[in-house]
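Peer 1: Give me the fold of what follows.
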Amino acid sequence: MTGRAWGRGCRHGPRGHGWDQPQARRVSGFLEPVLLLLLGKGETHGYQLAEGIGEFGLQELSSFDMSTIYRVLRSMEDQGLVRSRWDTETPGPARRLYTITESGSAALDAWAADLRTTRNLLDSFLERLDGEGAGSSGSHGKG
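Peer 2: Prediction:
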């Protein structure tokens, strides 16, 4: 240890960002379980999935676009979590339809267990933080 106290003279917070700058929420990894959850409702195409993602507020928190969604879907298909097929029966251009697989359902269950554990850790951290009144303002805004 160099003797330099974190909090005095340190301009960098987690991941090298300045403490005084708001942190962007890291939700890109959350896209996979959201897609799996949406696909659990039945076979659907990418644009319907994008609408469903909007219901989770992810589009407001990050810069998801259709290319990101399709890239994650392709990766999940490579992992055997989803499968796709071309829909040529409906009018208009062919669209790729996606469905969750048995492995995808198991992965969604694992995501749910991990997210519950993470939520408990975060709740404990925030309760302790709010209870101790640490920081410059003594109030950490709950929410």
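
Peer 1: low-scoring stretches of the chain, by residue?
Peer 2: 1-28, 59-64, 133-143 (pLDDT under 70).

Peer 1: again, only this time at 80
Peer 2: 1-29, 57-64, 133-143 (pLDDT under 80).

Peer 1: need the strands for the chain, in chain order.
Peer 2: Per DSSP state E, the chain carries strands over the ranges 44-45, 82-87, 95-100.

Peer 1: Need the contact partners of the shortest one.
Peer 2: Contacts of strand 44-45 with the rest of the structure, by Cβ atoms under 8 Å, 6 or more residues apart in numbering, involve Leu38, Gly52, Asp87, Arg95, Arg96, Leu97, Tyr98, Thr99. For the C-beta atoms, the positions are set from N, CA and C on the backbone; glycine is no exception.

Peer 1: So what are the sheet partners of it and their directions?
Peer 2: Looking at strand 44-45 with DSSP bridges, its partner strands are strand 95-100 (antiparallel).

Peer 1: what does the second one give?
Peer 2: Within its sheet, and counting by DSSP bridges, strand 82-87 is paired with strand 95-100 (antiparallel).

Peer 1: tell me the contacts of Gly80?
Peer 2: Gly80 sits next to Thr101, Ser103, Gly104 when contact means Cβ under 8 Å, 6+ apart.

Peer 1: what about 10 Å?
Peer 2: Thr101, Glu102, Ser103, Gly104, Ala107 (Cβ atoms under 10 Å, 6 or more residues apart in numbering).

Peer 1: returning to what we had before: who wins on neighbours among the contacts of strand 44-45?
Peer 2: Tyr98 (22 neighbours; other Cβ atoms under 10 Å).

Peer 1: Tell me the spacing between that residue and Leu122.
Peer 2: Tyr98 sits 31 Å away from Leu122 when distances are taken as Cβ to Cβ, to the nearest Å.

Peer 1: And for Glu55?
Peer 2: 22 Å.

Peer 1: Same check on Ile69?
Peer 2: On the measure of Cβ to Cβ, Ile69 and Leu122 end up 26 Å apart.

Peer 1: Between the two, tell me which one has more neighbours.
Peer 2: Ile69 (18 against 10).

Peer 1: Right, I'll leave it there.
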